[in-house]
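**Q** for reference, the sequence and a predicted model appear below.
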Amino acid sequence: MTRLTKADLAQMNRDYFQSLALERLVEVTVNLHELAAEQCERLEQNSHNSSRPPSSDNPYTKKPGKKVILAPESSADTDNPTSQELEVPSDESPLPPTAQDNLVGGNEGTDPQAKRTAGKQPGAPGQWRSGLLVSEATIPHFPETCAACNGDLTDDTDLKCYMGYHTLEMEKESSGFRIKCNLHHYYENSCPCGHQTQACPGQGYVSTLEGRKRNLKIQEYTLVGPLLTTLIASLSVRHRMSRPKIREFLIDWANTPLSTGTIDRCIREAGIACTPVVEELVEQLQDAEILHLDETSWYEKGHLRFLWVAISATIAVFHIGSRRKEELLALVTTAFVGWLVSDGYIVYRSHEKRQRCLAHLIRKAIALSGAVNQQAQSMGDWLLRELRRLIQTMAQAGEERSTDAYPTLARLKRACLLAKDAEHTKLKALAREILNDWEAVIAFVKHPGLPPTNNEAERALRHAVISRRISHGTRTTEGSLAYSNLLSVIETCRLRNADPWQYIASVVKQARKGLSVPPIPSVEQVAS
Ligand SMILES: [Zn+2]
């Protein structure tokens, strides 16, 4: 028996069924039942009972912890000179029991392997550097003034080196780059007043996380230099490489073995160091004339979160949090009085000056124009035609002749009014959606210069959406903050045609000294 096609379904209606003799009607019903059952089964397909990819699963019905997350294979900071103990199990807090149950690549239920937490396991042998670091240069650090009496310490007869550590730093060359090992020596000196003063490596912000054994200290006393830290962050965030892959890359191409834990620490350090920069960007964002906003699902420790983006012509800010309105206030405060371009999500609706993204409405109209129902199909076609014509007319007419679009507006409104009481639920919903939000849908006609779609924000999220598919999100609030901070700084620098990496390296350098970070390159600075 052949399956009913869309064309077959389109021919059937109430009149047709009523005209049938009982025997025929049963036949038709059986055919329809078969089709309905098949469709019903298909609707219930997901990654667990079919070959569909996990990314196609509905994020709202997904059980928390079903999907888990980038697992650095060894989190112990064994390559870090600051680390004396090698038996640090993990830098990250352990997952809750629900997530642990399903950890590690789809192992579920009975497998004892599935119970393991990420990172180094208790009792596993430690790893450490096999070869000694050979320094190419020694950098001395002398105390300049006496800590007690502020007198100058110029006399070097009593100078004594009291500590030292190696750093690996990347050096850019005219073509290519290399990684150089430096030895830092710190000296102490005595003052005529009798006081001993020591030069000390700088210390900055300490990022804490509940349940973690060792917190993230941003300080100079560390193995990886600022530019190499930035390279590692760029490989992770921009080039979407996992921590083990970065480790492999550094060994293969730069002959620099670093532990996965050190690599992970570098990524978070670069991200957390950018926090003051992003706070400043959020403040600047409130002065924007036009702001694009969008959000997409994100996973933090396997739990559903949302990645928000707010993007203007020269600033992009990302934020990971819930989907509630409070999170929006982290990006757009009440100080913002410009235009908001967004989709139809309810939390955006309270803003007065708003442009609704027409691309979303067009996609809904396209779906309707392929509907089985005749009325829905023709009305969907009509709505689609008018929406597209509206964008086209405004693109051609320019700022002066926006009145050219008025006839199209009138037709669109008429189509919506005709469809708003239709029987077809989706047609009715789309018509009402347009009518209820009419002013926001057509704002770009009355205010030429406004973009009719939210493509800017959607394009800004694309990179992160691909990352989400590869890494399944972040694991901790600190990881989320570091990731969104780095995205914000990289994307803002790109909007301003500035080099994000040199800038992030300078931020890390200052943050390690505990000094305030340099301002992000402005558009004027880049242009000159
Ligand atoms: Zn003194």
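**A** Cool, got the structure. Note that the structure is a prediction, hence the values are computed from the model and not measured. Numbering: from 1, shown residues only.

**Q** can you pull the contacts of Leu418?
**A** By Cβ atoms under 8 Å, 6 or more residues apart in numbering, the contact list for Leu418 reads 379, 431. (Each C-beta comes from the backbone N, C-alpha and C, glycine too.)

**Q** ok, now how distant is it from Ala431?
**A** Using Cβ to Cβ, to the nearest Å, Leu418 is found at 8 Å from Ala431.

**Q** how about Pro226?
**A** Using Cβ to Cβ, Pro226 is found at 57 Å from Ala431.

**Q** ok, these two, which is more surrounded?
**A** Taking neighbours as other Cβ atoms under 10 Å, Pro226 and Ala431 compare with Pro226 leading, 25 against 22.

**Q** my read is that that one contacts Ser506, right?
**A** Yes - in this structure, Pro226 is within contact of Ser506 by Cβ atoms under 8 Å, at 7.5 Å.

**Q** any common contacting residues for Leu418 and Ala431?
**A** Contacts common to Leu418 and Ala431, judged by Cβ under 8 Å, 6+ apart, are Met379.

**Q** and stretch 252-271, what's its mean pLDDT?
**A** For stretch 252-271, mean pLDDT is 93.

**Q** how long is it end to end?
**A** With Cα to Cα, to the nearest Å as the measure, stretch 252-271 spans 25 Å from end to end.

**Q** kindly report the same for stretch 285-304.
**A** As for stretch 285-304, its first-to-last residue distance stands at 27 Å under the measure Cα to Cα.

**Q** now it: buried residues?
**A** For stretch 285-304, a neighbour-count test (16 or more other Cβ atoms under 10 Å) marks 285-286, 288, 290-304 as buried.

**Q** centre of the chain to that stretch, how far?
**A** Taking Cα atoms, centre = their mean, to the nearest Å, the mean C-alpha location of stretch 285-304 is offset from the chain mean by 8 Å.

**Q** beta partners of Leu307?
**A** Here Leu307 sits in beta bridges with Thr296, Ile320, going by DSSP bridges.

**Q** what's near enough to touch whichever residue of the stretch 351-500 of the chain sits closest to the ion?
**A** Here the stretch 351-500 of the chain gets closest to the ion at one residue, Glu478, 41.1 Å apart by Cβ to the ion. Applying Cβ under 8 Å, 6+ apart, we find Glu478 in contact with 207, 209, 216, 268, 272.

**Q** show me which pair in these is furthest apart.
**A** Greatest spatial distance in the contacts of Glu478: Leu209 and Ile272, 10.6 Å, computed using Cβ to Cβ.

**Q** of those two, give the one with the bigger neighbour count.
**A** It is Ile272, of Leu209 and Ile272, that has more neighbours when counted by other Cβ under 10 Å, with 22 against 17.

**Q** name the nearest residue to the more buried one, sequence neighbours excluded.
**A** Nearest residue to Ile272 in three dimensions, chain neighbours excluded: Ser207, at 4.9 Å (Cβ to Cβ, 6 or more residues apart in numbering).

**Q** where strands are concerned, which of the buried residues of stretch 285-304 count?
**A** The strands, defined by DSSP state E, take in 290-300, 303-304 from the buried residues of stretch 285-304.

**Q** show me where this structure has its strands.
**A** Here the chain has its strands, by DSSP E, at 137-141, 160-172, 177-190, 196-198, 203-207, 216-219, 290-300, 303-311, 316-321, 339-342, 354-356.

**Q** CSV for the ones in strands among the buried residues of stretch 285-304, including distance to Gly194 and pLDDT?
**A** As requested, these are arranged in CSV below (distance: Cβ to Cβ, whole Å; pLDDT from 0 to 100):
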residue, distance to Gly194, pLDDT
Ile290, 65, 92
Leu291, 61, 92
His292, 64, 93
Leu293, 63, 91
Asp294, 64, 92
Glu295, 63, 90
Thr296, 63, 92
Ser297, 64, 91
Trp298, 59, 93
Tyr299, 60, 92
Glu300, 55, 91
His303, 59, 90
Leu304, 63, 91
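
**Q** what's the closest of the residues you listed to the ion?
**A** Proximity of these to the ion (Cβ to the ion) peaks at Glu300, which lies at 51.3 Å.

**Q** who in the chain is up against the ion?
**A** When proximity is defined as Cβ under 5 Å from the ion, the chain approaches the ion at 146, 148-149, 151, 191, 193, 195.

**Q** possible to save those residues as a markdown table with pLDDT?
**A** Shown next, in a markdown table, are those (pLDDT from 0 to 100):
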| residue | pLDDT |
| --- | --- |
| Cys146 | 90 |
| Ala148 | 91 |
| Cys149 | 90 |
| Gly151 | 87 |
| Cys191 | 88 |
| Cys193 | 89 |
| His195 | 91 |
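
**Q** make a ChimeraX selection of the buried ones in the residues you listed.
**A** Listed next is the ChimeraX selection for buried residues among the residues of the chain next to the ion, using 16+ other Cβ under 10 Å:
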select :146,191
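
**Q** could the residues of the chain next to the ion be laid out in JSON lines, adding distance to Glu279?
**A** Formatted as JSON lines, the residues of the chain next to the ion follow (distance: Cβ to Cβ, whole Å):
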{"residue": "Cys146", "distance to Glu279": "36"}
{"residue": "Ala148", "distance to Glu279": "37"}
{"residue": "Cys149", "distance to Glu279": "38"}
{"residue": "Gly151", "distance to Glu279": "39"}
{"residue": "Cys191", "distance to Glu279": "40"}
{"residue": "Cys193", "distance to Glu279": "42"}
{"residue": "His195", "distance to Glu279": "39"}
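
**Q** ok, so of the residues of the chain next to the ion, who is nearest Ala124?
**A** Closest to Ala124, out of all of those and judged by Cβ to Cβ, is His195, at 47.2 Å.

**Q** show the contacting residues for that closest one.
**A** By Cβ under 8 Å, 6+ apart, the contact list for His195 reads 146-149.

**Q** let's go with 6 Å and repeat that
**A** By Cβ atoms under 6 Å, 6 or more residues apart in numbering, the residues touching His195 are 146, 148.

**Q** over to Lys428?
**A** Neighbouring residues of Lys428 by Cβ under 6 Å, 6+ apart: Ala422.
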